[in-house]
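In: sequence plus predicted model, see below.
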Amino acid sequence: MTNTAEPIELSPANTAFSELTPHYGGMCCEAAAFCLSENGHSNPVDASLRGCSSSTAQLAWLPPSTKAIATYRDRDVAAENGAYAVAIALLNKTHGYQVVERSAKGTGFDFWLGKAKGALPFSEMVRLEVSGIFDGRLRVSARLSQKLKQMNPTDATATGFAIVAEFSGPIVAVGEKEVSSGHK
């Protein structure tokens, strides 16, 4: 992954979210903004990247409203939804992926991502599994390992990324899985 000079925008206007409904993309971005703001970060903030060629990425967000703060009081749910926004926006900025669709439960991953190519809707499809941690820097590596293992049953279908976004650091840990011909 390459470092980008411009901040990664956690906004529903970001084209990374264009295949999601504006409400869902907006909710994920709003949850990320809540988590970053509640952890006292200035806007934008440098996030530490793990598992990437770059060591940092700047995250920028719209300040959460009073209603948003009341909406996301369950910090675990906010962190999970906010992590979706961080992961999707990061892979869009660094690899050009966009969300294609939400994956069904039981697949071991959360989203299908792809690249828009000419007349074809998407190509280079990849799997994305995401986890969010509101405050818990010491749990990031273990959670990333868990998420990579969770993807094992579908390793023969496509390359995959597991991303853990921890909001107190903030830290974004990325793991990549290649397509395999057999299960591990």
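Out: Thanks, I have it.

In: for residue 181, see how far away the spatially most central residue of the chain is.
Out: For the chain, residue 87 is the residue whose C-alpha lies nearest the centre (CA atoms, centre = their mean; 1.4 Å). Separation of residue 87 from residue 181 (CB to CB, to the nearest Å): 27 Å. From N, CA and C alone the C-beta is placed, and that goes for glycine too.

In: do the same with residue 55
Out: Distance of residue 55 to residue 181, computed by CB to CB: 33 Å.

In: show me which of the two is the more surrounded one.
Out: Neighbour totals were compared for residue 55 and residue 181, and residue 55 leads with 11 against 6 (other CB atoms under 10 Å).

In: just checking, next helix/strand downstream of the longest helix belonging to the chain?
Out: As assigned by DSSP state H, the longest helix anywhere in the chain is helix 75-95. Remark: after helix 75-95, the chain's next helix or strand is strand 98-102, criterion DSSP states H and E.

In: CA atoms only: put that following strand into CSV for me.
Out: As requested, C-alpha coordinates have been extracted for strand 98-102 and formatted as CSV (Å, rounded to 0.1, in the frame of the first residue of the first chain):
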residue,chain,number,x,y,z
GLN,A,98,-15.0,0.2,-4.1
VAL,A,99,-17.6,-1.7,-2.2
VAL,A,100,-19.6,-4.0,-4.6
GLU,A,101,-21.9,-5.5,-2.0
ARG,A,102,-22.3,-6.6,1.6
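
In: ok, it: who's next to it in the sheet?
Out: strand 111-117 (antiparallel) (DSSP bridges).

In: name the residues that touch the partner strand?
Out: 84, 88, 91, 95-103, 121-128, 130, 161 (CB atoms under 8 Å, 6 or more residues apart in numbering).

In: what angle do it and helix 75-95 make?
Out: Relative orientation of strand 111-117 versus helix 75-95 (axes from the mean of the first three to the mean of the last three CA atoms, to 10 degrees): 30 degrees.

In: in strand 111-117, which residues are buried?
Out: For strand 111-117, a neighbour-count test (16 or more other CB atoms under 10 Å) marks 111, 112, 113, 114, 115 as buried.

In: each with direction, which strands does whatever helix or strand comes next after it pair with?
Out: As assigned by DSSP H and E, the chain's next helix or strand after strand 111-117 is strand 120-133. Next to strand 120-133 in the sheet, as set by DSSP bridges, lie strand 111-117 (antiparallel), strand 160-166 (parallel).
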